[in-house]
Structure formats: structure tokens, C-alpha cells
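1. Model the following, please.
(one chain, ligands or ions: 2)
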Amino acid sequence: MAMEVIPTGAALGAEVRGLDLTGPLDAEAFDALQQAWYDHSVLLFRGQSLSDDALIAFSENFGALDIAPASATDMAGTQEKSRPEIWIISNVVEDGKPIGALGDKEAEWHTDMSYVAEPPMASVLHSLEIPKAGGDTSFGNMYKALETLPDDLRREIENRIANHDSSMTSVGELRAGAGAVVDVRNAPGAKHPMVRVHPATGGKALYLGRRMNGYVEGMDVAASEKLLDALWAHCTKPEFTWTHQWRVGDLLIWDNRCTIHRRDSFNGSERRVMHRTQIKGGVPV
Ligand code: OGA
Ligand code: MN
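-> Numbers count the residues shown, from 1 in each chain. Ligands and ions are numbered 1, 2, ... in the order given. Reported below is the predicted structural model:
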């Protein structure tokens, strides 16, 4: 069966049908897949059942993997034992210990691990257990956000650098080992250009990590807060986004260089278990 790419009809995202991700992909199939990914920024595959090894092998088609990030909970606890590339996202608690990160609360808009100097270019997320309702994940198209940015805001971010705070997770918890930020000018993290050029597509995208503790270098704090609020209000408008409702066996790959995402809360008495990999990227320019 030939690969079929079905755009979501929203600002980004497409479903890919006709590919079995458990086996190796030949070069021709991978090239077509990669092009579809460049075109749509997020790809969805339904009905997959990948072991951790298969998830890692599929992800490695796109490049070498990063190890999973530090969470609020004990870092070792949210990495799959013996496979540090796998990050477990789950609300499930076993023997009083969370088996994964992010719990059941809303995860605010963000792009993954942008608080490091070389953030992963992509994340791959595979659903193993899904609650009956809630926990949807939305994505935003940062090429379109930049393209449509009002001129005054566009001028304000030209050649600007922002700090991407590393102290808080997207569910608003302090990461293991981090202290509370009292002045955003001194927040830990990584400094990146606010507009970046995608190395493969050549497209320019707005680049924001997460709103919490963000700071535009060289501005006074009030001006930085105001600018960041205006940018986030713009890029999260519904016309730039697409929301995915998970089923068991879904696999999503998204491009952290040109998208943002968030997750809805869900009923904590239900189980949600996902395994993620992250593909190494370079310094954003
Ligand atoms: C992630 C993430 C959202 C979700 O995997 O990076 O933010 O749907 N997950 O759990
Ligand atoms: Mn994320």
C-alpha cells in the first residue's frame, strides 16, 4: 500500500496512512515521509504498536536521539529504565511514585527543551494508554505566526535574543535541582534568537520557549513582559493551531523548530501513558 498524506485542513499537521512503522523504512519511503513532515510540521500515524526499541529505531530515521529531560519528579523515574532516550509522560503513580512526567494538569504552550543550547529538533510521542476524555494536544504553526505578526511587533523582535527559562516545566513545577526565579533577567536557561531559520525548509519561524519566566534580553522587565504577552497572544490564536484527540496507538512527530504545543488537563483517576523520544537538533539561528 502506498503512503498517503492527508492534511488536517487546519494550520498544520497531516495524517500519514499506509506505513507500518515497526519495520525499517527504505530510503525512498523515508524521503517521502520527511518531505511530508517538512510540509506539515506535525505528522500523525494511527494504529501503531511500537515497543521502546521500535520507537527508538523509527525515531533514529530522523537523526541521533537526545536523552530525556529532567522533570519535577526524580529524573530517573521519568526515563525508561535502561533506555534514557525514552521519556515517559504519565499521571500513573505506582508504589507512591509517578511513573512519568507532566501529571494530569494542563501543560502550557511550549516548544520542547528550548532551555538548552541545542534543543531537540523533533519529538516523537506514542500513546499507550489514553483517558476517555481530555488530554488533547494542540499544536501551533510558528511560520504562520511570524508571517502574520503585526509590523510593530515584527520590528520589536528583529535581531532580538530571548532567554528560555529552564527552571519550570510546562505544568508549572520546578525541575529537579532548580531554584525559584525571582528576577526573569537572571533566570537559568538558554538564549536564542526570537526569529529562527529552519535549516531544512529555509522558512523563518517565531521562536518562543514557554511564557513562564521568559525574558527578552536587553529590555527592561516591564517591556519584555508586554512584548512576550503580545507575541503569545498572537501565536496561540486558533487560526494557527490544530488540536489532536488521542487514541491508543497514535504516534505523532512534531518539529520543535517551527511549532509549539500544549496539552489539556484530564481526569486524574484515569490512566494516560505515553512514551516519547527527542531527536537531536543544533544551535537555533
Ligand atoms: C511532550 C508534551 C504533551 C502530551 O511530549 O513534549 O508536551 O500530550 N506532551 O502529553
Ligand atoms: Mn512538550
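2. hang on, residue 164 in a strand?
-> Yes. The assignment for residue 164 by DSSP: H, G, I helix; E, B strand; the rest coil puts it in a strand.
3. Next, count neighbours for it.
-> Residue neighbour count, defined by other C-beta atoms under 10 Å, stands at 25 for residue 164. (Each C-beta comes from the backbone N, C-alpha and C, glycine too.)
4. tell me the contacts of it?
-> 114-115, 189-192, 209-210, 214 (C-beta atoms under 8 Å, 6 or more residues apart in numbering).
5. Show me which of these are buried.
-> Buried residues within the contacts of residue 164, counting neighbours by 16 or more other C-beta atoms under 10 Å: 114-115, 189-190, 192, 209-210, 214.
6. Please list which of those residues also come close to ligand 1.
-> Contacts with ligand 1 within the buried ones among the contacts of residue 164, as defined by C-beta under 6 Å from any ligand atom: none are present.
7. separation between residue 154 and residue 146?
-> 8 Å (C-beta to C-beta, to the nearest Å).
8. The two: who's more crowded?
-> With neighbours defined as other C-beta under 10 Å, residue 154 and residue 146 compare such that residue 146 has more, 23 against 14.
9. Quick check: the more buried one is in a helix.
-> Yes. When three-state DSSP is applied, residue 146 is found to be in a helix.
10. So which of the contacts of residue 164 is the closest to ligand 1?
-> residue 210 (10.2 Å; C-beta to the nearest ligand atom).
11. and residue 145, what is it in contact with?
-> 205-206, 234-235, 240.
12. For the closest residue to it other than its chain neighbours, grab the count of nearby residues.
-> Nearest residue to residue 145, sequence neighbours excluded (C-beta to C-beta, 6 or more residues apart in numbering): residue 235, at 3.6 Å. Applying other C-beta under 10 Å, we find 22 residues neighbouring residue 235.
13. The residue of the stretch 51-200 of the chain at minimum distance from ligand 1 and residue 90: what is the separation?
-> For the stretch 51-200 of the chain and ligand 1, the shortest gap (C-beta to the nearest ligand atom) falls at residue 137, measuring 3.7 Å. Separation of residue 137 from residue 90 (C-beta to C-beta): 14 Å.
14. Give me the neighbour count for residue 221.
-> Neighbour tally, residue 221, other C-beta under 10 Å: 12.
15. Just to check, it is in contact with residue 187?
-> No. Taking contacts as C-beta atoms under 8 Å, residue 221 lies outside contact range of residue 187: 11.1 Å.
16. Let me see the backbone angles for residue 173.
-> Dihedral pair for residue 173: phi -110, psi 150, per degrees, to the nearest 10.
17. Show the end-to-end separation of stretch 92-99, please.
-> 6 Å (C-alpha to C-alpha, to the nearest Å).
18. swap in stretch 101-113?
-> Its first and final residues considered, stretch 101-113 spans 14 Å by C-alpha to C-alpha.
19. re earlier: joint contacts of residue 221 and residue 187?
-> Counting by C-beta under 8 Å, 6+ apart, the residues touching both residue 221 and residue 187 are residue 215.
20. Which residues of the protein lie near ligand 1?
-> With C-beta under 6 Å from any ligand atom as the criterion, the chain comes near ligand 1 at residues 89, 102, 107, 112, 123, 125, 137, 170, 261, 263, 274, 276.
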